[in-house]
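Visitor: With the sequence up front, the predicted model follows.
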Amino acid sequence: MFAISRSVESGDRSNREAYGAKVYFPAVFGDDFQRREENTRNIALNYGYSIMRSLVARSLIRYGFNPCFGVFHDSQTNAFNLADDFMEVLRAFVDVVVAMCVKDEDEWSTDIRKKLFDVLNIEAVWREERQSITNGVDQMVKSFASACRQRDVSLLILPES
């Protein structure tokens, strides 16, 4: 996976990101798993990503950003391009919860939705400081504002684990 991630170019003209996903999801959820199937795990992934995306979009708006103007995501039909840019570093938190808590045979339930909403309370390390995903995302977007103002990418705070 690391080698694949290192080979993704700006604009991903060689489609390495899609290839990485094709390798990643079966490695996490089993050889038979396909991301486009209609099953509880995919529903859970989509739901968890939506929760995370909403958190990011809310924080972007709070700091004065228009979430439809992304850095790498630039679809004219996507109102959340910038939120989706930040989502890339946050997806793994949802993936871990789904991998640990949702089985193939599970029915979509209130319990699964609650576990996914609790992703926002998971603690992660952000510049050597442990804080919840909710607080960390706010610090990440705040640091993005500083990095943009000062034109210094080293100011950007991303989750370390």
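Guide: Arrived safely, thanks for sending. Residues are numbered from 1 along each chain as shown.
Visitor: mind checking how far stretch 85-92 is from the chain centre?
Guide: Offset of stretch 85-92 from its chain centre (C-alpha atoms, centre = their mean, to the nearest Å): 2 Å.
Visitor: Next, the buried residues of that stretch.
Guide: By 16 or more other C-beta atoms under 10 Å, the buried positions in stretch 85-92 come out as 85, 86, 87, 90. Any C-beta I mention is one placed from the backbone N, CA and C, and that applies to glycine too.
Visitor: In strands, which of the residues you listed fall?
Guide: For those, not one is inside strands, with DSSP state E as the criterion.
Visitor: now the residues you listed in JSON lines, with distance to residue 22 and pLDDT?
Guide: Below are those laid out as JSON lines (distance: C-beta to C-beta, whole Å; pLDDT from 0 to 100):
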{"residue": "85", "distance to residue 22": "22", "pLDDT": "89"}
{"residue": "86", "distance to residue 22": "23", "pLDDT": "91"}
{"residue": "87", "distance to residue 22": "19", "pLDDT": "90"}
{"residue": "90", "distance to residue 22": "21", "pLDDT": "95"}
